[in-house]
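J.: Predicted coordinates and the sequence they were generated for:
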Amino acid sequence: MYHRPRIKRKNQLIRSLVAENRVSASDFLTPLFVVGGHNVKEEISSMPGYFRYSLDRLPDFLDELASHDLHAYLLFVKVDDGLKDNTGKEAWNPDGLMQKSIRAIKESHPESLLMTDVALDPYSSYGHDGIVREGEIINDETLEALVKMALSHVEAGTDWVAPSDMMDGRIGAIREAFEARGVDNGILSYTAKYASAFYGPFRDALDSAPGFGDKKSYQMDPANSDEALHEAELDMAEGADMLMVKPALAYLDVIRRLKEHTQYPVAAYQVSGEYAMIKAAAQKGWLDEAQVVAESLLSIKRAGADVIASYFSLDYMKMQKKVHG
Ligand code: PBG
């Protein structure tokens, strides 16, 4: 035998030396959930260990993230039912919770990189990402709302906007509005966002489950991956800066295809259901949480993700510290 691959697996030192992939703090986008009120830190029932914060409690969490070198966020807000309607107009209220949160975060953590979710579902009385008429999601009217929403985030001081709604043409509409105003904020496009049952816990977190039907007329069909490349072509042509695949673990092939197809940074979103599955099994003692989290994140990286949005960012950093000192 002239080839003994096990030589390079003999101990941790040699394994680390030849490791092709590593996940580190700078890879992460940490999702944040903000709610109104004071002194609120409430655990999301289907996401054990993950919390919604009121703005007065958020800085402590951001400090903790910063102490583990986590400085990039993906921000979502939970909107009061009374503020929801079919136009989503609260989404561009300059004094809305999102806009207040952006100002507060950039004030308390000016060195952070803030990306804000642009989609109507948390503001929609129907829980849909678009304006609804006769049971249909109306694309082009929704674009006008998304543009107003994105501009209001920029006005409040966000760094990047992250359109997550899968309406046709939204990247172009937002980019055009930015250019017209001389705005050079980044756009993280949810390029290949699948109609996935893995979003269940997130919809609990924001109370944003669709009131009727499902999201299959706008989010992608899990059967397809050519379509993801087509969406990527459109997003690049329309002026996106980064492309995202979502969920991650069930779509590793799509991450890989996108990475090979584009010269853009590719992000992947390890979504709420992926988090919940691991947490639940770990709580039952059926899986070793630290190892399964590390392995899942590594698989996303190995598939080709340059950026990982994950609810495990902080847990992972803490667990790494424990393992490597
Ligand atoms: C909605 C949005 C969703 C997520 C991010 N933005 C849910 C949905 O499309 O219903 C899911 C994130 C997660 O599950 O962690 N625009």
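T.: Good, I have the coordinates. Numbers count the residues shown, from 1 in each chain.
J.: Which positions in the stretch 1-150 of the chain make contact with the ligand?
T.: Taking CB under 6 Å from any ligand atom as the criterion, the stretch 1-150 of the chain approaches the ligand at residues 117, 119, 121, 129. Glycine gets a C-beta too; all of them are placed from N, C-alpha and C.
J.: rerun at 5 Å
T.: 119, 121 (CB under 5 Å from any ligand atom).
J.: number of nearby residues for the closest residue to the ligand within the stretch 1-150 of the chain?
T.: Here the stretch 1-150 of the chain gets closest to the ligand at one residue, A119, 3.4 Å apart by CB to the nearest ligand atom. Other residues near A119 come to 27 when the count uses other CB atoms under 10 Å.
J.: Repeat that for S225.
T.: 18.
J.: Make residue 1 into 471 and carry on from there
T.: From this message on, residue numbering opens at 471, which makes the last subject S695.
J.: Spell out which helix or strand contains the residue nearest to it when sequence neighbours are not counted, please.
T.: Leaving aside its chain neighbours, S695 sits nearest to V724 (5.1 Å; criterion: CB to CB, 6 or more residues apart in numbering). Using DSSP states H and E, V724 sits in helix 722-731.
J.: can I get the CA coordinates of the helix or strand following that helix in PDB?
T.: Once the chain leaves helix 722-731, the next helix or strand it forms, by DSSP H and E, is strand 736-740. These are the backbone C-alpha positions of strand 736-740, laid out as PDB (Å, rounded to 0.1, in the frame of the first residue of the first chain):
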ATOM      1  CA  VAL A 736     -23.500  33.000  -1.300                       C
ATOM      2  CA  ALA A 737     -25.300  32.900   2.100                       C
ATOM      3  CA  ALA A 738     -27.300  30.100   3.500                       C
ATOM      4  CA  TYR A 739     -30.000  30.300   6.200                       C
ATOM      5  CA  GLN A 740     -30.100  27.500   8.700                       C
END
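J.: coming back round to it: who's in contact with the helix holding V724?
T.: 661-662, 695, 698-699, 702, 713, 715, 718, 736, 738, 769-770, 773-776 (CB atoms under 8 Å, 6 or more residues apart in numbering).
J.: can you give me the mean pLDDT across it?
T.: Across helix 722-731, pLDDT averages out at 98.
J.: So which residues on the stretch 671-795 of the chain come close to the ligand?
T.: So the stretch 671-795 of the chain meets the ligand at 672, 741-742 (CB under 5 Å from any ligand atom).
J.: ok, P735 touching M712?
T.: Yes: using CB atoms under 8 Å, P735 is in contact with M712, at 4.8 Å.
J.: Now do the shared contacts for these two.
T.: V777.
J.: neighbour count winner among these two?
T.: Just comparing P735 and M712: by other CB under 10 Å the higher neighbour count belongs to M712, 19 against 14.
J.: Might you report the residue contacts of M712?
T.: 656-659, 734-737, 777.
J.: what packs against the helix or strand of the chain with the lowest mean pLDDT?
T.: Using mean pLDDT, DSSP states H and E, helix 783-794 stands out as the lowest-scoring helix or strand of the chain, at a mean of 88. Judged by 3 or more CB pairs under 8 Å, 6 or more residues apart in numbering; DSSP states H and E, helix 783-794 is in contact with strand 498-505, helix 528-537, helix 759-773.
J.: if you compare the ones you listed, which one is most tucked away?
T.: Comparing those by mean neighbour count (mean count of other CB atoms under 10 Å), strand 498-505 ranks first with a mean of 23.
J.: returning to what we had before: could you report the separation of the residue nearest to S695 from the ligand?
T.: Going from V724 to the ligand by CB to the nearest ligand atom, to the nearest Å gives 16 Å.
J.: Could you do E759 as well?
T.: Distance, E759 to the ligand, by CB to the nearest ligand atom: 18 Å.
J.: Identify the residue spatially nearest to that residue, adjacent ones excluded.
T.: Here the residue nearest E759, using CB to CB, 6+ apart, is A752, at 3.6 Å.
J.: Quick check: that neighbour vs I514, distance?
T.: 16 Å (CB to CB, to the nearest Å).
J.: what sits against the closest residue to G506 other than its chain neighbours?
T.: Among residues not flanking G506 along the chain, L567 sits closest, at 5.6 Å (CB to CB, 6+ apart). L567 makes contacts with 504-506, 547-549, as judged by CB under 8 Å, 6+ apart.
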